[in-house]
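[1] Sequence first, predicted model second:
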Amino acid sequence: TQKQAMRTQRLRLLLSCAALVMLAICIDLVIATKKHASSATANGALPSLWDKGMKEAPKSVRKALNAARKEFFKGKMNKAMKRVDKLLSDDPNMRNGLFLKASFLMQLQRPDEAVTIALAAAMQGNQQDFEAWQLAGDCYQQTGDFGRAATCYDKAAAIDKNNAQLQFSLGNSLNGLGSFDGAVAAFRRAVTIKPGYYEAWNNMGTAYMSLAKYAEAIDALRKTVQLIPDHPTPLLNLAIMEWRVCEWDLYEKRQSQLSRALDTRLKQGKDLMTPFHSFEFGFTPKQIKDNAVAYSKGVMDRVAHISLRNQELVSLHPQRPLTVGYLSATGFTNTTTTTRAISPEFAMHDRSFLRVLCFSAKPSDGTPERKEIEDGCDEMIDVSNDGFESMTVKIRNKAVDVLVDLTGYTINPKAEVFALRAAPIQISWHGFPGTSGANFFDILATDKIAATPDMTDQFTEYLGMLPVTYLHTAHKLSRTEVLQPGAQEAMNRKDFGFKQDQTIFCSFNQLYKLTPNLFEAWLEILSKVPDSVLWLLKFDSSAPAKLRKRAELYGIDSNRLVFLDMLPKESEFLAKGLADLFLDSPVFNAHTTATDVLWSAVPMLTLPGENMAQRVASSMVLHSHSAPLVVRNMQEYIRMAVSLGNNRQRLKRLKTALRKQRTSSDVFDLPCRAQDLGRLYMMTAEVADANQGDMMHIVVSQRDCGAKSA
């Protein structure tokens with residue numbers, strides 16, 4: 001029906017996509033359609049302002065403004081703009097003229113110009129017109145300047161305290177800033193004013209997801225699904241949330257619903273989800289890539305209005321040193337695994353051929369890791385208050401040759417900056433384990449096991465294959481507590497509720513990487529290894545009861561599932577070293593967790609899959625010189641786990657070997673891995689220079705880096 005079509009269109013305009021739990025991902029805070037619809041019109045600010053202003057305007061002005069509006073929507077944009085400009089030349093303070101010009105500019109995807117005019121309108125006459133501030137906020141939001149957008153929405157909301165739309169827009173801006181508590185409060189005010197506001201319920205759910213408040217997120221998302229049961233976006237968000245608390249009663253139904261929804265969206269040339277979440281649902285490599293391509297097209301559309309994108313880039317500077325810029329959307333803060341993993345690496349680059357700049361899209365958190373990065377790069381540039389265009393200009397002004405994205409489609413992504421071509425060569429590394437689906441990344445830095453040569457059709461980028469795992473880690477430098485004599489021996493299993501002589505299987509992966517089939521395989525392993533236990537981390541208070549109930553139904557004593565809280569940093573790896581065998585998750589491997597486990601000297605059993613996110617653990621295991629516990633199918637996975645679980649002497653030998661080898665392992669030799677990465681940067685520049693900007697796949701050979709670091 002027409003009503004349903006309008007509802008679907010409205011949802012497409014206003015719903016945000018899912019947030020990644022504990023990470024700040026909230027995309028499509030959408031204030032404009034991809035077909036040049038005006039955010040002002042969509043949000044309702046302009047019609048109210050227009051009606052108010054037209055009543056006050058002289059008849060001749062009303063006639064001219066109406067004529068301009070009709071011309072514009074008939075496609076006569078230049079004629080309409082000239083008519084408005086003529087009116088404004090006669091009266092620069094004509095508010096309706098300013099409103100109309102700002103609206104035209106928004107529809108032409110020129111928000112940077114529109115915001116100046118909208119602010120001028122807001123400052124004219126009676127500043128109690130909330131709509132003018134709302135329009136300015138919409139303009140700022142479209143430029144990616146969420147801070148100024150929030151300020152404008154705050155001013156508007158202070159004038160009209162019962163406007164649900166304003167609270168919704170404010171919540172979206174705060175989400176974009178990563179201020180999730182504030183976003184929740186704004187969305188809560190919106191639904192209090194308007195209980196059926198399904199867009200606000202959905203976005204409240206995604207904000208709760210980013211705060212890891214699982215129960216609250218599920219409540220908000222179930223309310224959304226009740227209000228609009230047939231739309232895939234809230235259904236996707238709800239499934240993401242249910243996975244994180246092991247709510248599997250509708251697992252197969254959700255899988256089927258989402259696969260159909262994804263295929264439907266792809267046929268329309270649209271994405272269904274942020275690319276990171278596509279790794280969670282067992283989609284095919286083609287589905288994952290096609291979703292990423294459609295998503296990246298949306299990124300391109302969001303910056304299509306910025307003329308900077310079409311300007312000629314400065315070519316590579318042939319002289320050394322090559323200038324490499326690292327852009328961190330999370331601001332190199334200690335809240336992310338990437339920062340903690342590579343904080344010393346910036347200082348390790350060879351300054352005889354590399355100059356290292358760091359661009360921080362968040363303010364400093366003052367942590368030692370952030371300070372180490374500041375000291376390790378040649379210059380730290382704060383771009384936390386910049387929109388996409390000004391951020392791009394700052395990077396270009398620094399003459400960056402190679403720009404490296406450390407975040408990808410995870411936390412607070414800044415893909416728009418790369419879409420604007422901030423540097424001649426652009427590389428995705430470390431933060432995102434798959435294709436961007438975009439033509440604005442030239443290279444994906446990976447390795448030959450995580451992404452084999454026969455997988456190249458899964459990527460829109462060329463592959464830069466590093467000789468050892470691409471997932472670098474500083475554990476050898478920063479987590480030396482496990483190397484202290486007697487430290488591991490001082491840890492007592494009884495202190496954690498384990499018996500001294502039982503086999504401890506473990507998985508420290510987030511629970512969303514667990515599936516009903518994998519959990520059943522783990523229960524089968526427990527049934528065949530007497531007196532064994534499975535150690536999981538308590539990411540959510542409700543998940544243990546659900547998993548224990550499934551264990552009892554399978555015939556396994558639920559007490560054999562041991563859930564422990566997150567461990568303090570100073571003892572985390574020593575405690576994890578008490579485990580005997582780590583059971584990896586095939587649908588979405590352990591990544592940073594894999595480095596933690598191997599550094600803790602716990603053997604890891606993994607089953608590689610078809611996409612990169614399913615192969616990272618295999619790369620870690622095979623490059624770490626540990627036992628090659630990499631199997632080919634789930635039957636082998638179960639057999640290997642059972643065999644090892646029933647042979648504690650063999651497990652002990654494997655653990656001892658890992659403990660002895662970890663300091664000499666290539667995986668943990670960060671200075672050497674930094675050299676590999678630097679050579680990749682130089683090779684990409686040489687290839688681009690030789691081929692007039694064209695790129696190709698690059699394989700970095702393994703070299704002797706000299707004496708292993710202590």
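    Noted; the coordinates are in hand.

[2] Next, the buried residues of stretch 251-259.
    Residues of stretch 251-259 classed as buried under the neighbour-count rule (16 or more other C-beta atoms under 10 Å) are 251, 254, 258-259. Backbone N, C-alpha and C define where each C-beta goes, glycine included.

[3] The chain: strands as residue ranges?
    In the chain, strands defined by DSSP state E lie at 322-328, 354-360, 379-382, 402-405, 425-428, 443-447, 462-466, 504-507, 533-537, 561-564, 581-583, 604-605, 698-699, listed in chain order.

[4] Pull out the buried residues from the first one.
    Residues 322-328 are the ones in strand 322-328 that count as buried (16+ other C-beta under 10 Å).

[5] With just CA atoms, put stretch 548-568 into CSV.
    Coordinates of each C-alpha in stretch 548-568 appear next as CSV, following Å, rounded to 0.1, in the frame of the first residue of the first chain:
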residue,chain,number,x,y,z
ARG,A,548,24.0,-24.5,30.9
LYS,A,549,20.4,-25.4,30.0
ARG,A,550,21.5,-26.6,26.6
ALA,A,551,24.3,-28.6,28.2
GLU,A,552,21.8,-30.4,30.6
LEU,A,553,19.5,-31.2,27.6
TYR,A,554,22.5,-32.8,25.9
GLY,A,555,23.3,-34.8,29.0
ILE,A,556,26.3,-32.8,30.2
ASP,A,557,26.5,-31.7,33.8
SER,A,558,26.1,-27.9,33.6
ASN,A,559,28.8,-27.5,36.3
ARG,A,560,31.3,-28.5,33.6
LEU,A,561,30.8,-25.2,32.0
VAL,A,562,32.9,-22.6,33.9
PHE,A,563,32.1,-18.9,33.4
LEU,A,564,34.6,-16.5,34.8
ASP,A,565,34.6,-12.7,34.8
MET,A,566,37.0,-10.7,32.7
LEU,A,567,40.4,-11.0,34.4
PRO,A,568,42.6,-8.1,35.5
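
[6] and the closest residue to residue 344 other than its chain neighbours, backbone torsions?
    Once flanking residues are discounted, residue 344 sits nearest to residue 474: 5.0 Å by C-beta to C-beta, 6 or more residues apart in numbering. For residue 474, the backbone dihedrals are phi -100, psi 20 (criterion: degrees, to the nearest 10).

[7] Just give me the longest helix of the chain.
    Among the segments of the chain that qualify as a helix by DSSP state H, the longest is helix 670-690.

[8] which helices and strands does that helix pack with?
    strand 322-328, strand 354-360, strand 402-405, strand 425-428, strand 443-447, strand 462-466, strand 698-699 (3 or more C-beta pairs under 8 Å, 6 or more residues apart in numbering; DSSP states H and E).

[9] Quick check: which helices or strands does the fifth one pack against?
    Helices and strands touching strand 443-447, by 3+ C-beta pairs under 8 Å, 6+ apart, are strand 425-428, strand 462-466, helix 670-690.

[10] Dump these into CSV; add distance to residue 557 as well.
    Putting the helices and strands packed on strand 443-447 into CSV (distance: least, C-beta to C-beta, whole Å) gives the following:
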stretch, distance to residue 557
strand 425-428, 46
strand 462-466, 45
helix 670-690, 43
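
[11] wait, what's in contact with the residue nearest to residue 140 when sequence neighbours are not counted?
    In space, residue 140 comes closest to residue 149 once its chain neighbours are excluded; the distance is 3.8 Å by C-beta to C-beta, 6+ apart. Taking C-beta atoms under 8 Å, 6 or more residues apart in numbering as the contact definition, residue 149 lies against 137-138, 140-141, 169, 173, 176.

[12] Show me these that map onto helices.
    The helices in this structure, assigned by DSSP H, contain 137-138, 140-141, 169, 173, 176 from these.

[13] which two in these are spaced the farthest apart?
    Greatest spatial distance among those (C-beta to C-beta): 138 and 176, at 12.9 Å.

[14] Can I get the helices and strands packed on helix 670-690 in TSV including distance to residue 65 and mean pLDDT?
    Conversion of the helices and strands packed on helix 670-690 to TSV gives the following (distance: least, C-beta to C-beta, whole Å; pLDDT from 0 to 100):
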stretch	distance to residue 65	mean pLDDT
strand 322-328	43	97
strand 354-360	43	97
strand 402-405	45	97
strand 425-428	44	97
strand 443-447	51	98
strand 462-466	52	98
strand 698-699	58	96
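
[15] what pLDDT does residue 690 get?
    In this model, residue 690 is scored at 88, pLDDT.

[16] mind putting the buried residues of strand 322-328 in JSON lines, distance to residue 391 included?
    Formatted as JSON lines, those follow (distance: C-beta to C-beta, whole Å):
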{"residue": "322", "distance to residue 391": "21"}
{"residue": "323", "distance to residue 391": "17"}
{"residue": "324", "distance to residue 391": "17"}
{"residue": "325", "distance to residue 391": "11"}
{"residue": "326", "distance to residue 391": "14"}
{"residue": "327", "distance to residue 391": "8"}
{"residue": "328", "distance to residue 391": "12"}
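
[17] just curious, which of these is nearest to residue 388?
    Taking C-beta to C-beta as the measure, residue 327 is the one of these closest to residue 388, at 11.6 Å.

[18] Based on its surroundings, how many neighbours for the nearest residue to residue 139 once chain neighbours are set aside?
    In space, not counting the residues next to it along the chain, residue 139 is nearest to residue 115; the distance is 3.5 Å by C-beta to C-beta, 6+ apart. Each residue near residue 115 was counted by other C-beta atoms under 10 Å, and the total is 27.

[19] Ok, residue 480 next?
    Based on other C-beta under 10 Å, the number of other residues close to residue 480 is 12.

[20] what ranges do the helices span in the stretch 201-350 of the chain?
    Under the criterion DSSP state H, counting those that start in this stretch, helices of the stretch 201-350 of the chain are mapped to 214-227, 232-244, 251-267, 285-302, 337-342.

[21] from those, which stretch is densest packed?
    With neighbours defined by mean count of other C-beta atoms under 10 Å, none of these is more surrounded on average than helix 232-244, at a mean of 24.

[22] Helix 214-227 and that one, what's the angle between them?
    Using axes from the mean of the first three to the mean of the last three C-alpha atoms, to 10 degrees, one finds that helix 232-244 and helix 214-227 are set 150 degrees apart in direction.

[23] Helix 232-244 to helix 251-267, inter-axis angle?
    Using the same axes, to 10 degrees, one finds that helix 232-244 and helix 251-267 are set 140 degrees apart in direction.

[24] What helices and strands are in contact with helix 232-244?
    The elements that helix 232-244 packs onto, with contact taken as 3+ C-beta pairs under 8 Å, 6+ apart, are helix 198-210, helix 214-227, helix 251-267.
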